[in-house]
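Student: here's a sequence, model it:
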Amino acid sequence: MDSRGKKTLVSFAISFCLGFLAFALLFFLTHVYTLRSWSDSLFLGGAVSLAAPLLILSARSGAFDVFSYSFYRLGQSFRGDGQSRFATAYDYQEYKKTERTKHPLVLWPYFLISGLFLVSAFILMIIALPRN
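Tutor: Next up is the predicted model:
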């Protein structure tokens, strides 16, 4: 299996595990086993699975590079030699930008899994609505 296939498989696994963990926590900790609780739990799982790629995209856009650089410099201050690979935060940011272009993301599994969770939640919500 090539690198892109492995990334896709890992993305599927992480997305499903995040969604299922959120689902299971809400569903099993509330001890209410109705269609509405299924719907609410599936919605939470879908929301968590959808939030993960959005957070990843914001981090990959460089929004946290300066923050990350400050921790890099803090770690460098504890080294005895005082040598740093990056003289400025700009150098660090440029390095991270080139690294991001070398390693593209595979995010569509997150959107697919979250969509399945959310559509399932919507269908169960429609079924659980009281009929007048």
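Student: buried ones in the host helix or strand of residue 18, by neighbour count?
Tutor: With elements taken from DSSP states H and E, the one containing residue 18 is helix 3-30. Of the residues in helix 3-30, those buried by neighbour count under the rule 16 or more other C-beta atoms under 10 Å are 7-8, 11-12, 14-16, 18-20, 22-23, 26-27. Yep, even glycine has a C-beta here, placed from its N, CA and C like the rest.
Student: list the contacts of the residue most central in space within the chain.
Tutor: Most central in the chain under C-alpha atoms, centre = their mean is residue 52, positioned 2.1 Å from the mean C-alpha point. Residue 52 sits next to 14, 15, 18, 110 when contact means C-beta atoms under 8 Å, 6 or more residues apart in numbering.
Student: dump the host helix or strand of residue 67 to CSV, restricted to CA.
Tutor: For residue 67, the element it lies in under DSSP H and E is helix 65-77. This file holds the C-alpha atoms of helix 65-77, laid out as CSV (Å, rounded to 0.1, in the frame of the first residue of the first chain):
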residue,chain,number,x,y,z
ASP,A,65,3.4,28.6,13.9
VAL,A,66,4.6,31.5,16.1
PHE,A,67,3.1,29.8,19.2
SER,A,68,4.9,26.6,18.2
TYR,A,69,8.1,28.5,17.6
SER,A,70,8.0,29.9,21.2
PHE,A,71,7.9,26.4,22.6
TYR,A,72,10.8,25.4,20.2
ARG,A,73,12.8,28.3,21.5
LEU,A,74,12.0,27.3,25.1
GLY,A,75,13.2,23.8,24.5
GLN,A,76,16.4,25.2,22.9
SER,A,77,17.1,27.3,25.9
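Student: ok so, going back, turn the contacts of residue 52 into TSV, columns for distance to residue 92 and pLDDT.
Tutor: Formatted as TSV, the contacts of residue 52 follow (distance: C-beta to C-beta, whole Å; pLDDT from 0 to 100):
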residue	distance to residue 92	pLDDT
14	27	89
15	30	90
18	29	91
110	27	92
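Student: going by distance to residue 76, which of those residues wins?
Tutor: Taking C-beta to C-beta as the measure, residue 76 lies nearest residue 14 of the contacts of residue 52, at 30.8 Å.
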